[in-house]
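**Student:** Starting from these lines, generate the structure:
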Amino acid sequence: MMLGKHLASRVGAVVLGGLLLSFFPGCGGSPPATFRLNMEGRSPDQFSAEQKQLVVDILTAAFGTPDDPYIFPETGLDLEKLRIAAGPTYSEAEGVRHGLFRQHCAHCHGVTGDGAGPTAAFLNPYPRDFRKGVFKFTSTGPGAKPTTDDLKKTLRNGIQGTAMPSFVLLPEAEIEALVEYVKYLSIRGQVEASLFLYLENEEDLPESRDALLDEVLLVSNQWRDAESQIVVPDLKALPPRDSSEELAASIERGRALFRDAKTAQCIKCHGPTGLGDGNDEGDLFDDWNKEKDPAHPELWALPKQKLRPRNLRLGIYRGGRAPADIYRRIFAGIKGTPMPAAGKVLKPNQIWDLVNYVLQLPYEPSPNRPEETTKLTRARL
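**Tutor:** Reported below is the predicted structural model:
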């Protein structure tokens, strides 16, 4: 099979660039970085060397390399931002820094964005694998991509209770470049998965520019659509809370809902008092781990890792602690995890009651030590 003229020219340019780098290797003489082929869960001989190389060639034509990224203009991604985030780390004379992803992110997320960087195996939870295109903490509805602001928020705030730190000290232009690069890696990863599906189904791969562009746009358009899928909490349904009695009543309604195994079903995983000890569902796994076969660990970059429901009494809310953040977690669930979306089951006023209860949990006496009283007050929230 032959690549289309446009794709062949893209691959040729990348190969030529690699040859030039071999003569002028730069600092330390390190070889050019490469994207890791996604063979996780597949035996090494599932595809022929020729098939794998064709996938690499098509991906290179559509997305370039870690040192020289490319993206179809029709996707709307900003290539200049990608070039600032990609490649080795250096600064221009004017002070513009390059190689931001490799400097700040690759040690956990890997150069490919597969969540299997050098430090990943030591972390729980593992760093996010961007290739699935699934992100847990978003302001959007079930199945939707995160918005640009969602990714910015994660970079600025980090993810509490994980190894993901805050990058709030980075200039806005650098945060925007990193967000654009995360989108790029995610789109690339999903397109790669589609190419392997073509091979598994013994179908011809999209090799012309138009065919490959269609494949890329199927994914990139989902990112564009995210802005129209934001979950807007219903403020009109807020329970009265002008007095401590009204707030207490909302909290008690939330407590009853939390323990209702037929409606909200929170108790099944989070347990009767929110300690994360429900265990009704047995061992839990997120989408990045549930397919891993412990009998064949060699097929995966990282061992299978269990998922534990959140201990809500710790006051650690990975998707944000603002009431609107908790509302969205309940309404839309947490993507890629067993945490379901309750927006079609619960009314907005019921979700707000649950929000009030969940935010109160860290300030109640411990159920394991009922004699304890807390000095923390609701005002601290």
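
**Student:** any weak-confidence spans in this structure?
**Tutor:** Residue ranges of the chain with pLDDT under 70: 1-29, 280-281, 366-381.

**Student:** Closest to the centroid, which residue in it?
**Tutor:** Nearest to the mean C-alpha position of the chain, counting by Cα atoms, centre = their mean, stands residue 135 at 3.0 Å.

**Student:** my read: that one touches residue 145, true?
**Tutor:** Yes. Counting by Cβ atoms under 8 Å, residue 135 does reach residue 145; the two are 7.2 Å apart. C-beta here means a position set from N, CA and C on the backbone, and glycine is covered the same way.

**Student:** how close does the residue nearest to the centre of the chain get to residue 228?
**Tutor:** 17 Å (Cβ to Cβ, to the nearest Å).

**Student:** again with residue 178
**Tutor:** 24 Å.

**Student:** In contact with the closest residue to residue 274 other than its chain neighbours, which residues?
**Tutor:** Nearest residue to residue 274 in three dimensions, chain neighbours excluded: residue 312, at 3.8 Å (Cβ to Cβ, 6 or more residues apart in numbering). Counting by Cβ atoms under 8 Å, 6 or more residues apart in numbering, residue 312 touches 270, 274-276, 358, 361-362.

**Student:** want to try JSON lines for those, with secondary structure as columns?
**Tutor:** Converted to JSON lines, those look like this (DSSP: H, G, I helix; E, B strand; the rest coil):
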{"residue": "270", "secondary structure": "helix"}
{"residue": "274", "secondary structure": "coil"}
{"residue": "275", "secondary structure": "coil"}
{"residue": "276", "secondary structure": "coil"}
{"residue": "358", "secondary structure": "helix"}
{"residue": "361", "secondary structure": "helix"}
{"residue": "362", "secondary structure": "helix"}
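
**Student:** got these as a markdown table, with distance to residue 256 columns?
**Tutor:** Shown next, in a markdown table, are the contacts of residue 312 (distance: Cβ to Cβ, whole Å):
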| residue | distance to residue 256 |
| --- | --- |
| 270 | 14 |
| 274 | 13 |
| 275 | 18 |
| 276 | 20 |
| 358 | 13 |
| 361 | 14 |
| 362 | 19 |
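
**Student:** Strands of the stretch 151-300 of the chain, residue ranges please.
**Tutor:** For the stretch 151-300 of the chain, applying DSSP state E, counting those that start in this stretch gives no strands.

**Student:** Neighbour count: residue 178 and residue 228, which is higher?
**Tutor:** residue 178 (23 against 10; other Cβ atoms under 10 Å).

**Student:** check contacts around that one.
**Tutor:** 85, 100-101, 104-105, 155, 167, 170.
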